[in-house]
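Undergrad: below are the sequence and a predicted model; questions follow.
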Amino acid sequence: KEEELPLLATGLSLYINLGTALSSIGDERAAMKMYRSAILKYNDHADDHADDHADDMKQITNLAAQAAFFLGMTMEELQMYETAADAYAYANSLDEQHWASLANLGSILHDRLRQYGDALVVYNKAVDILTGNSSNGSGNGNSNTVEPTDPPEEPRYVLSQLHYRIGLAITYGGTTDSDTDPKTD
């Protein structure tokens, strides 16, 4: 079992890197298949190793979260917005500190799916992660602050954009008249 973990990590990395290479040349559908393959490989083997080598499994889970994040970006590029939202949500379920998956999820919920209340919730979670107000997610009452995944070099610019989008979600929440919806395209 122990010797399988490096192979699993390598396999996930290969799928993710190939997906990224395919996406960079514009082959989003092939990239989507690679990211899905990484996620499926993770799902097939994660339970087998759930109790083994916590640090190794955290790294592998983070790879799967990154694959789900990239899948969301690819689905968004292909205008498959509901599926992209699911991929971003899955990335965040694997890595609760993945602020970018929440920011992108909020964008889709707000701009494409017009689910303003849900967008507001995930934007606020992203802000909490970036400002250090999120907990470790253990649910045991401890509020150990943890580092965000891939924090931006200068978070105030990202936070400014998130606060702007929170304002939009509050302003347009509950509005269904397309004449009053923000034009963000």
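TA: That came through fine.

Undergrad: Lys125 sits in which helix or strand?
TA: Assessed by DSSP states H and E, Lys125 sits inside helix 116-130.

Undergrad: between helix 116-130 and the following helix or strand past that helix, find me the angle.
TA: Using DSSP H and E, the helix or strand that follows helix 116-130 in sequence is helix 155-172. With axes from the mean of the first three to the mean of the last three C-alpha atoms, to 10 degrees defining the directions, helix 155-172 sits at 160 degrees from helix 116-130.

Undergrad: helix 155-172: which residues count as buried?
TA: Pro155, Val158, Leu162, Arg165, Ile166, Leu168, Ala169, Tyr172 (16 or more other C-beta atoms under 10 Å). (Each C-beta comes from the backbone N, C-alpha and C, glycine too.)

Undergrad: now do that helix: which elements does it pack against?
TA: Counting contacts by 3 or more C-beta pairs under 8 Å, 6 or more residues apart in numbering; DSSP states H and E, helix 155-172 is packed against helix 99-107, helix 116-130.

Undergrad: roughly how far is it from the heart of the chain?
TA: Computed by C-alpha atoms, centre = their mean, to the nearest Å, the chain-centroid distance of helix 155-172 equals 18 Å.

Undergrad: heads up, I number from 37, so please use that
TA: Yep, numbering from 37; the last one is helix 191-208 now.

Undergrad: need the mean per-residue confidence for it.
TA: The average pLDDT within helix 191-208 is 95.

Undergrad: and the angle for it with helix 135-143?
TA: 20 degrees.

Undergrad: return helix 191-208 as CSV; C-alpha atoms alone will do.
TA: Output of helix 191-208 as CSV, limited to C-alpha atoms (Å, rounded to 0.1, in the frame of the first residue of the first chain):
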residue,chain,number,x,y,z
PRO,A,191,-4.1,39.7,-1.7
ARG,A,192,-5.5,43.2,-1.4
TYR,A,193,-6.2,43.4,-5.2
VAL,A,194,-8.1,40.1,-5.1
LEU,A,195,-9.9,41.1,-1.9
SER,A,196,-10.9,44.4,-3.6
GLN,A,197,-12.4,42.5,-6.5
LEU,A,198,-14.2,40.0,-4.2
HIS,A,199,-15.7,42.9,-2.2
TYR,A,200,-16.9,44.5,-5.4
ARG,A,201,-18.5,41.3,-6.4
ILE,A,202,-20.1,40.9,-3.0
GLY,A,203,-21.6,44.3,-3.5
LEU,A,204,-23.0,43.3,-6.8
ALA,A,205,-24.5,40.1,-5.3
ILE,A,206,-26.1,42.1,-2.6
THR,A,207,-27.4,44.7,-5.0
TYR,A,208,-28.8,42.3,-7.5
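
Undergrad: pull out the buried positions in the longest helix along the chain.
TA: Secondary structure of the chain read by DSSP state H shows that its longest helix is helix 90-113. Buried residues in helix 90-113, counted by 16+ other C-beta under 10 Å: 93, 96-112.
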